[in-house]
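> Sequence and predicted structure below; questions after.
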Amino acid sequence: MFKSLLASLGVLAMLSIITWLFQDVNILIGLAGGLGIFSLLLSGFYIGGLNREDRIKAKGRTETHLQREQRTKWSARLLIFGLPLLVAALISYSWM
């Protein structure tokens, strides 16, 4: 989980440097916001929160406990990766 946060902060640092070089905050808003929303949506799909009820029931019957744990772990990693990017995009947008 900590690695996901560090990766997110690293991406955010690179985007901040690019934004500073080009003197255009829209780069940070667009890329960080896009990556943040994409990772949050991917996390939602991966955990099954955006699936229909019948698919969730069918998946619950066929997957093992270990598979469910791994799916939940990866979903949490994607969520932790995307949240700082989305927060940075929202803060940059509000200061614009």
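Structure's in. What do you need? Residues are numbered from 1 along each chain as shown.

> just for this structure, where's the confidence low?
51-61 (pLDDT under 70).

> if I read this right, residue 83 contacts residue 40, doesn't it?
Yes - shown here, residue 83 and residue 40 form a contact pair, counting by C-beta atoms under 8 Å, at 7.5 Å. (C-beta placed from N, C-alpha, C; glycine too.)

> Give me the longest helix you can find in the chain.
helix 65-95 (DSSP state H).

> How about that one, which residues are buried there?
Residues of helix 65-95 classed as buried: 75, 77-86, 88-89, 92 (neighbour count, 16 or more other C-beta atoms under 10 Å).

> where's stretch 88-95 relative to the chain centroid, distance-wise?
How far stretch 88-95 lies from its chain's middle: 17 Å, per C-alpha atoms, centre = their mean, to the nearest Å.

> Contacts made by that stretch with the rest, please.
12, 25, 28, 29, 30, 32, 33, 36 (C-beta atoms under 8 Å, 6 or more residues apart in numbering).

> Residue 2: how many residues sit nearby?
7 (other C-beta atoms under 10 Å).

> I misspoke; the intended subject was residue 62.
Residue neighbour count, defined by other C-beta under 10 Å, stands at 7 for residue 62.

> Give me the spatial nearest neighbour of residue 86, chain neighbours excluded.
The shortest distance from residue 86 to any residue other than its chain neighbours is 3.1 Å, reached at residue 36 (C-beta to C-beta, 6 or more residues apart in numbering).

> My guess is that neighbour contacts residue 85. True?
Yes - assessed by C-beta under 8 Å, residue 36 is found in contact with residue 85 at 3.7 Å.

> Tell me how far the residue nearest to residue 86 lies from residue 83.
Residue 36 sits 7 Å away from residue 83, going by C-beta to C-beta, to the nearest Å.

> what's the answer for residue 21, then?
Note on residue 21: its distance to residue 83, by C-beta to C-beta, is 25 Å.

> before we move on, what about residue 9?
11 Å.

> Kindly report the same for residue 18.
21 Å.

> Residue 66 now?
Relative to residue 83, residue 66 is positioned 26 Å away (C-beta to C-beta).
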